[in-house]
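Engineer: Okay, here's the prediction I keep looking at, along with the sequence it came from:
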Amino acid sequence: MTARPERVPAAEVKERMLDAGRELALESGAALTIEHLRMEEVIQRARVPRSSVYRLWPYKDDYIDELLCYIAGPGSWFSNRAVFDPETFTAVARLLTEHKQLLATMEGRRALLREIVRVVVACNYRALAGNHAWRLHSALAATLGATRGSEARKKIAVALEETQSRTRDLLVELFGYLVETLGLRIRDPALTVQHFQMASSMLVQSLAMRNAQVQAAIGDTEEAAQVNDLLNAPLPGPGLDGEPAEWTLAAVAYLGVLDAFIELEPDWVPPG
């Protein structure tokens, strides 16, 4: 006697199919390939009855739109975290604690601010460049206009913006912390912390995305090797002890943006 197929509740079928589609998208590494997912491959990965799947999504396009919404929203790796490295706050606090004697002078505060940028930006750049979930997140944003349904497009855009909003809020909070502990201020009253956060974070994310692209081409073209050197070869820069230290291009560029927006408060006195 032939065994009856497993009975799976519709809600579980949906959950398994969306998780399986996300896994396949992450393995392929680009949102563009989601359009070319084979339903049979997803069904096999999800281990659900084919008939149940087509009751939920009569057409493949319906499934793809819902999968894109899921990956951008509740199924996103960033659904409960920020885009940037979660160790950022810890690294900043450690540097401030270990070198608090530098807070006594303008020169020391400047050196400490540079060191925070050097260490934290390099950490975030590397973390983003090696994160497949972030690459998929960025690819979704880049291909948003190609999504077929206007309703799906709107849902994806809202979910992506919520993720970036969480990151914005946390980076603004980090800047507030540095205002108190390093004595920073915005140079121009017409500018805001949000302006600085937007410009600086998108700079690092753009460089990380360029790095992800060039790593895929390494070994195939001479140009890729040259771009890789520009992006990742260590650059000389100032260190805390006055000796040269190794900087990343991302950190050098970030410091330039920071200096355009931020300055040290000359009359600031270290707290406590």
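Structural biologist: That came through, no problem.
Engineer: make it CA atoms for all contacts and neighbour counts henceforth
Structural biologist: OK.
Engineer: packing partners for the host helix or strand of residue 122?
Structural biologist: Using DSSP states H and E, residue 122 maps to helix 106-129. Other helices and strands packing on helix 106-129, by 3 or more Cα pairs under 8 Å, 6 or more residues apart in numbering; DSSP states H and E, are helix 88-98, helix 132-142, helix 193-217, helix 249-261, strand 262-264.
Engineer: which other residues reach the fourth one?
Structural biologist: Residues lying outside helix 249-261 but in contact with it, judged by Cα atoms under 8 Å, 6 or more residues apart in numbering, are 114, 117-119, 121-122, 125, 186-188, 191, 196, 199-200, 203-204, 207, 230-232, 234-235.
Engineer: now it against helix 193-217, angle please.
Structural biologist: 160 degrees (axes from the mean of the first three to the mean of the last three Cα atoms, to 10 degrees).
Engineer: Give me the angle between helix 249-261 and helix 106-129.
Structural biologist: For helix 249-261 against helix 106-129, the angle by the same axes, to 10 degrees is 130 degrees.
Engineer: repeat for the first one
Structural biologist: Angle of helix 88-98 versus helix 106-129, following the same axes, to 10 degrees, is 150 degrees.
Engineer: And helix 88-98, how far out from the chain middle?
Structural biologist: With Cα atoms, centre = their mean, to the nearest Å as the basis, helix 88-98 stands 21 Å off its chain's centre.
Engineer: Could you point out the helix or strand that follows the least confident helix or strand in the chain by mean pLDDT?
Structural biologist: Lowest by mean pLDDT, DSSP states H and E among the helices and strands of the chain is helix 132-142, with a mean of 75. Following helix 132-142 in sequence order, the next helix or strand is helix 150-182 (DSSP H and E).
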